[in-house]
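>>> Take this sequence and fold it.
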Amino acid sequence: MKLHIKEREFSAVIIVLAVIVVIVLGVLQYRWSNQVSEATSIRLADSLQMSMINWHLDFFRAFSEVCVALRVDPDSNTQEDWDQYARRFADWKRTTANPSLVGGLYILRSDDATGTRVLGLAASGQRFLPSEWPANFAELREELQQAASGADGSLASSGGANAAAALDTNAEFANRFYTGGPLAGWKFEPRVPALVRPVARNLSDSLRVQPAPRNAVDWIVIVLDRSAVQNEILPALAQRYFRGTEGLDYQVAVTRGRNAESPLYSSDAGFGNTEIADADGTMNIFVRLGDREKNSPIHIFHTPSEENGPAASVAVTWFPLLRDTGPDQDWRLIVRHRRGGALGAFIADSRRRDLAISFGVLFLLVISMAILIFTSTRAQRLAKLQMDFVTAVSHELRTPLTVISSAAENIAHGVVEGKPQLEQYGSVIGAQARKLFEMVEQILLFAAIREGQQRYSMRPLQVSEILEAALSGTAGLIRTAGFHVEQQIEPNLPRIAGDLPALSQCVQNLITNALKYGSEQKWMGIQARLAEHGLTGKEIQLSVSDLGIGIAAEELRHIFEPFYRSPSVTAAQIHGTGLGLPLAKSIMEAMQGQVTVKSAPGSGSTFTLHLPCVEHSVRQLEAKTTEAVSS
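Numbers count the residues shown, from 1 in each chain. Okay, here's the model as predicted:
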């Protein structure tokens, strides 16, 4: 008993430790998942930011190539040779990857008093000819004239090679139109779109002929082809920097401001028509100089650890705008993750999925541990039952062997005299030998059933045949125990299908149990009747009852387990092997029947064999045969 208590305490400790381990693993898995999600969000944010910056650099490169190509030495006499721009433009067109980017090239001159003249690149592309200014660019022309009027008279009077220096002396003009480097002076007009640059003319020759005009500043205007930008430049950049293994990983749009209008470019129909509240990244493509210190031009989605700010922000170098353009005219790059919505939602979904998988694996681990603990406990219990069985069998074997050995010694030593004593000793030896034989047969039968090697000879049987064989086999035990057997057998019972020795063994096991546990009442009841059963139809119910010690409710679910013997029976020192009821259950299942029990402590027990009538058994056999043939 103490050993059993220690085993239970050890099992409880193991279960508690397993629960603690599972809880710790769950908490660690949750924390690891948060850390992995945060690291993933930062990595994706950095990757997206780099893709947007590279997109912007390539976008800038496509536009700036033509500006660099048209750069002319400010000291050169452009007034006499405007066609040098045409030659440079032709060289650029031969070498560029985007020859269709430029839709027109114009020169706005301010060399007469009547107003600004326009020169346009001829169709041949070799020289500039007088041209009409495009009507839809009238607003741009007015703004260029107003901008040029900001230069003071010193620009006109300085003349010669010092014209560019004079331009720099006008602080307001320089701040608005000069950036330095190879792209010095170039401005972008997003509405046209066009690239413009002021050109300070060499006035040395013109000053000898006539008074210099106040605004001696010309303009070169590169008109960009909107169709080429929309259908060639922007789609190619989107494919280059936002493409995955199965197409674009992101929805990409380039819009003009925040108005709900048709975007300049959209990778998906409808994307960018309205403000995108859950965009993963936005970039102001053209940044006003005054806004660089106030607002970052690029914003990436928020990460879990950065609820109050963007995951990344960088300054972008670009052409300054020609004018103080409002948000409704600025171009913006907008990207949003295609699969699973915005990246924040995608990462959250991935985290939930990873957690579900992790906790699913953890749940399987818990199930495996529970099965392991259950199996281990059951194995320990089975081992204990087997040891009890060995002990019980040894005890059961020792008694008849002792009697046989003692009788044999008495006969051998001449203690037995006369025929009556020999007959008595022979009867005792025979009874004990039969007891040994039955015990060995029962063990062998149990082993054969467990191994699936037992074969039955099925034939129609009368209930009376079964009872006669069972009572004949237990007559000596009943007589020795002094029990009164009361039989209630309904007349004209239908036949059943079964194996006579096996069914007889079942009934004998029930009778033997009634004799063992029948207490002092010395009464046994055997009943056979026809009954209706919801699943099997008509059946014969063969019951064996006693008025003995009964069985507790918590023990009823164990009594059909091999080797099981209740603690109360063991304490009462009632001999047995714990195989009788398991054998009866196995045999009845092989006969398409079942065995049930009704019992209460102190009120006795009733075991009932449910045997299907022969008609039902034949139908069931035919159904099984048909199923086997069809399969």
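
>>> C-alpha only now, for contacts and for neighbours.
OK.

>>> Going by neighbour count, list what's buried in stretch 41-53.
Across stretch 41-53, burial judged by 16 or more other CA atoms under 10 Å covers Ser41, Ile42, Leu44, Ala45, Asp46, Leu48, Gln49, Ser51, Met52, Ile53.

>>> quick one: which of those residues is nearest His558?
Nearest to His558 among the buried residues of stretch 41-53, counting by CA to CA, is Ser41 at 57.1 Å.

>>> Low-confidence regions, the stretch 151-300 of the chain specifically.
For the stretch 151-300 of the chain, residues meeting the criterion pLDDT under 70 lie at 151-182, 200-216, 257-261, 287-297.

>>> With just CA atoms, put stretch 553-561 into PDB.
Output of stretch 553-561 as PDB, limited to C-alpha atoms (Å, rounded to 0.1, in the frame of the first residue of the first chain):
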ATOM      1  CA  ALA A 553     -19.600   1.400  -8.500                       C
ATOM      2  CA  GLU A 554     -16.000   2.600  -8.900                       C
ATOM      3  CA  GLU A 555     -14.800  -1.000  -9.500                       C
ATOM      4  CA  LEU A 556     -17.400  -1.900 -12.100                       C
ATOM      5  CA  ARG A 557     -15.500  -0.300 -15.000                       C
ATOM      6  CA  HIS A 558     -12.400  -2.400 -14.100                       C
ATOM      7  CA  ILE A 559     -13.700  -5.900 -13.500                       C
ATOM      8  CA  PHE A 560     -13.500  -6.900 -17.100                       C
ATOM      9  CA  GLU A 561      -9.800  -5.900 -17.300                       C
END
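
>>> neighbouring contacts of that stretch?
Tyr564, Arg565, Ser566, Leu581, Pro582, Lys585, Ser599, Ala600 (CA atoms under 8 Å, 6 or more residues apart in numbering).

>>> surely the first one meets Leu581?
No. Using CA atoms under 8 Å, Tyr564 and Leu581 do not qualify as a contacting pair, with a distance of 9.5 Å.

>>> Just the ones of the buried residues of stretch 41-53 in helices?
Using DSSP state H, Ser41, Ile42, Leu44, Ala45, Asp46, Leu48, Gln49, Ser51, Met52, Ile53 are the members of these that sit in helices.

>>> Next, work out how far apart the fifth one and Asp546 are.
When distance is defined by CA to CA, to the nearest Å, Asp46 is 84 Å away from Asp546.

>>> now swap in the last one and tell me
Distance, Ile53 to Asp546, using CA to CA: 93 Å.

>>> swap in the first one?
When distance is defined by CA to CA, Ser41 is 76 Å away from Asp546.

>>> Where does Ile449 sit: helix, strand or coil?
What DSSP: H, G, I helix; E, B strand; the rest coil gives for Ile449 is helix.

>>> wait, what's in contact with it?
Ser586.

>>> I'd like the distance between it and Phe560.
Going from Ile449 to Phe560 by CA to CA gives 14 Å.

>>> Equivalent analysis for Ser586, please.
Distance from Ser586 to Phe560, counting by CA to CA: 9 Å.

>>> Compare these two (neighbour count), which wins?
Shown here are Ser586 and Phe560; by other CA atoms under 10 Å, Phe560 has more neighbours (21 against 18).

>>> Give the burial count for Ile367, as a bare number.
12.

>>> Read off the pLDDT value for it.
Per-residue pLDDT puts Ile367 at 85.

>>> The strand or helix carrying Gln488 packs against which elements?
Taking DSSP states H and E as the criterion, Gln488 maps to strand 484-489. In terms of contacts (3 or more CA pairs under 8 Å, 6 or more residues apart in numbering; DSSP states H and E), strand 484-489 is packed against strand 523-533.

>>> buried ones in stretch 517-534?
Applying 16+ other CA under 10 Å to stretch 517-534 flags Tyr517, Gly518, Ser519, Lys522, Trp523, Met524, Gly525, Ile526, Ala528, Arg529, Leu530 as buried.

>>> on that earlier part again, with distance to Val66 and pLDDT as new columns, can the buried residues of stretch 41-53 be given to me in a markdown table?
Putting those into a markdown table (distance: CA to CA, whole Å; pLDDT from 0 to 100) gives the following:
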| residue | distance to Val66 | pLDDT |
| --- | --- | --- |
| Ser41 | 39 | 80 |
| Ile42 | 37 | 83 |
| Leu44 | 34 | 82 |
| Ala45 | 33 | 83 |
| Asp46 | 31 | 85 |
| Leu48 | 28 | 87 |
| Gln49 | 27 | 87 |
| Ser51 | 24 | 90 |
| Met52 | 22 | 90 |
| Ile53 | 21 | 89 |
